[in-house]
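Colleague: here is my input, please return the structure:
(one chain, ligands or ions: 1)
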Amino acid sequence: MNIILIGPQASGKGTQAERLAARTGMKHFSTGEAFRAEVMSGSELGKRLKRCMDSGELVPDNVVNEVTRKAVEQNRERGLIFDGYPRTKEQAEFLDRITRVDAVVAIEVSDEVAVQRISSRYVCSKCGKGYNTVTLPPKQAGKCDEDGASLVQRDDDKPEAVRKRLADYHAKTAPLISFFEGKGARIIRIDGEQPIEEVFEDVTAALRV
Ligand SMILES: [Zn+2]
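Modeller: Reported below is the predicted structural model:
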């Protein structure tokens with residue numbers, strides 16, 4: 001069985017993918033992790049990847065697809081949980097050519113909640129320790145617990161940047177749900193605004209795992 005977990009930033013799909021992999025023994029495939037492993041292996045593909053990553057460029061589709069092909073070939077028996085892939089129509093078409101996707105689990109979170117979850121993240125300007133004003137607040141507002149340095153927001157976590165990525169998700173990634181539905185995958189929609197534990201219960205109940 002192969003499953004795609006799809007959802008916007010801050011939907012918690014990475015956490016759900018990890019837990020689902022632990023529960024089922026399936027392979028959790030996240031591109032970031034797969035890229036690092038490929039670079040570590042020292043393969044030709046890893047060297048190409050390293051050049052892209054070092055130059056700060058977006059890793060081209062054909063390279064991302066090669067990494068995916070390897071994972072698919074190595075995990076035919078075990079099955080894969082895709083997290084953060086595919087992101088585009090081209091990647092979805094590639095995946096459809098090399099394997100069958102049995103289910104797409106869409107973890108749904110409104111834009112408002114996503115913006116609120118991400119824009120409550122702060123980091124220490126000195127030691128880099130992460131905080132969250134809602135779930136992990138510092139003892140004293142705006143100051144690091146460790147060294148008292150001021151907490152700052154990453155540019156990427158500012159509401160405008162988050163909204164831009166959400167727009168990109170709605171335009172490019174969300175339509176992949178109907179693409180895979182058209183290929184016969186089961187579509188499972190989960191309310192991602194619930195607590196993590198309840199989201200996981202809904203996911204496992206729907207997949208019967
Ligand atoms: Zn600090």
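Colleague: C-alpha only now, for contacts and for neighbours.
Modeller: Will do.
Colleague: for the most centrally placed residue in the chain, which non-adjacent residue is spatially closest?
Modeller: Central residue of the chain (C-alpha atoms, centre = their mean): G84, 3.9 Å from the mean position. In space, and not counting its chain neighbours, G84 is closest to S30: 5.9 Å by C-alpha to C-alpha, 6 or more residues apart in numbering.
Colleague: OK, contacts around the one you found?
Modeller: With contacts defined as C-alpha atoms under 8 Å, 6 or more residues apart in numbering, S30 is in contact with 82-85.
Colleague: isn't A92 right up against P86?
Modeller: Yes - counting by C-alpha atoms under 8 Å, A92 touches P86, with 5.3 Å between them.
Colleague: dump the contacts of S30 into JSON lines; add pLDDT as well.
Modeller: As requested, the contacts of S30 are arranged in JSON lines below (pLDDT from 0 to 100):
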{"residue": "F82", "pLDDT": "98"}
{"residue": "D83", "pLDDT": "96"}
{"residue": "G84", "pLDDT": "91"}
{"residue": "Y85", "pLDDT": "94"}
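Colleague: would you map the helices across the chain?
Modeller: Along the chain, counting by DSSP state H, helices occupy 13-24, 31-41, 44-54, 61-74, 89-98, 111-119, 159-168, 176-182, 196-207.
Colleague: compare the ones you listed and give me the one nearest the ion.
Modeller: Comparing the helices of the chain by their distance to the ion (C-alpha to the ion), the top pick is helix 111-119, with 18.8 Å.
Colleague: and the residue of the chain most remote from its centre, its phi and psi?
Modeller: The C-alpha centroid of the chain is most remote from G148, which lies 32.2 Å away (C-alpha atoms, centre = their mean). Geometry field for G148 lists phi and psi as phi 70, psi 0, criterion degrees, to the nearest 10.
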